[in-house]
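S.K.: Quick one, structure for this:
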Amino acid sequence: MKQYKKYEDVPSKYKWDLEHLLQGQTKEELFNEFVKMFEQTIKFKDKVYTSKENYLKHLKHEDKTTLVFFRLHNYISNSKSTNVVNAEANAFYQKVQIKMMQLSQELGPTNPELFKNE
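M.R.: Model prediction:
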């Protein structure tokens, strides 16, 4: 079995095509798209349980947001796994994690909204 000292030395045909996960976007564009979608979720959270229509609209938006997040997460995870000492990949991972924590705190719990609109 052939071994390589650096990832850069591995021939392209043996590397994962991580750019496919970005679907023509940069990682920053994908990240910004996800943040924008999550911020829309936050803005809409007080209206989610006020009607069936709003709830269905929320579910559709949540599905789309989840797909974008999965693409972003898979790209980051695979980038880090490919080269665990890549400073750029690790910095981007930290940036995304920090923003996710901030957005989750802004969203807060949704259970009170559900009970309020029973």
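
S.K.: Quick check: longest helix in the protein by residues?
M.R.: helix 52-82 (DSSP state H).

S.K.: mind checking how far it is from the chain centre?
M.R.: Helix 52-82 sits 6 Å away from the centroid of its parent chain (CA atoms, centre = their mean, to the nearest Å).

S.K.: With stretch 67-85 instead?
M.R.: 9 Å.

S.K.: Can you tell me what sits against it?
M.R.: Residues outside stretch 67-85 that contact it (CB atoms under 8 Å, 6 or more residues apart in numbering): 7, 15-16, 18, 21-23, 27, 30-31, 33-34, 37, 86, 89-90, 92-93, 96. Just so you know, the C-beta spots here come from the backbone N, C-alpha and C atoms, and that holds for glycine as well.

S.K.: And those residues, which of them are buried?
M.R.: Among the contacts of stretch 67-85, those scoring as buried are 18, 21, 27, 30-31, 33-34, 37, 89, 92-93, 96 (criterion: 16 or more other CB atoms under 10 Å).
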